[in-house]
Each structure stands twice: as C-alpha cells, then as structure tokens.
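> next comes the sequence, and after it the predicted model I'd like to discuss.
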Amino acid sequence: MPKFDRNDPSSIAAWNGASERLAEGASGDVVAVLGSNVNPLGVWTSTELPALIANSKVSSITVIDVLTGVARRIWP
C-alpha cells in the first residue's frame, strides 16, 4: 500500500479499494468508531458504508463517536 496522499489519485484509489475489500469481507454486527465530523465525500461515506450495506453477510452497523463513546445503530 502506498502512503496515503490526498493529492495523489493513485494513492486515493488504492486506499479506497482496500477499504472496499475490507467492507466486502465483513460479517455479522459491524462496529465503526468515527469522529463527529465525518467527511460526506470521505472513504467511510463514499466507499465503506455502501459496501457494508450491500454486503448480505452484515447484519447490523453501529457507529461509536470517538469523543463521547456514544454508540448508535445506523443500519438496518
């Protein structure tokens, strides 16, 4: 894996691909720890979350706020 560089399209593509493959391989109850200001164009929103929702092996998705520790089920 290349070092992440938001100015290098090949770096972004490599990291997005790795994130998508990870989400496609997930199963059961998925938990993600996120900050309170999730980038709407970032990898979680644009790649990981859609792949998790499309993954028939995922039964639920819960996010935990990294600052507060509050857990919130977001899917289904």
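Here it is on my side, so go on.

> what is the mean pLDDT for stretch 68-76?
Here stretch 68-76 scores 97 as its mean pLDDT.

> just checking, next helix/strand downstream of the least confident helix or strand in the chain by mean pLDDT?
Least confident helix or strand of the chain, by mean pLDDT, DSSP states H and E, is helix 43 with a mean of 92. Later in the chain than helix 43, the nearest helix or strand by DSSP states H and E is helix 49-54.

> buried stuff in that next one?
Leu49, Ala51, Leu52 (16 or more other CB atoms under 10 Å). From N, CA and C alone the C-beta is placed, and that goes for glycine too.

> what helix or strand is the closest residue to the first one other than its chain neighbours on?
When the adjacent residues along the chain are set aside, Leu49 lies closest to Ile61, with 7.4 Å between them (CB to CB, 6 or more residues apart in numbering). Mapping Ile61 onto the secondary structure by DSSP H and E places it in strand 58-65.

> quick one: strands adjacent to that strand?
strand 28-34 (parallel), strand 71-75 (antiparallel) (DSSP bridges).

> where's the least confident helix or strand of the chain relative to the chain centroid, distance-wise?
6 Å (CA atoms, centre = their mean, to the nearest Å).

> still on that earlier bit, looking at the strands paired with strand 58-65, spot the one closest to Met1.
strand 28-34 (19.9 Å; CB to CB).

> still on that earlier bit, let's have the strands paired with strand 58-65 in CSV, adding mean neighbour count.
Converted to CSV, the strands paired with strand 58-65 look like this (neighbours: other CB atoms under 10 Å):
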stretch, mean neighbour count
strand 28-34, 13
strand 71-75, 12
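
> grab the longest helix from the chain for me.
helix 9-24 (DSSP state H).

> and that helix, how far out from the chain middle?
The answer for helix 9-24 is 10 Å, by CA atoms, centre = their mean.

> no further queries at this time; thank you.
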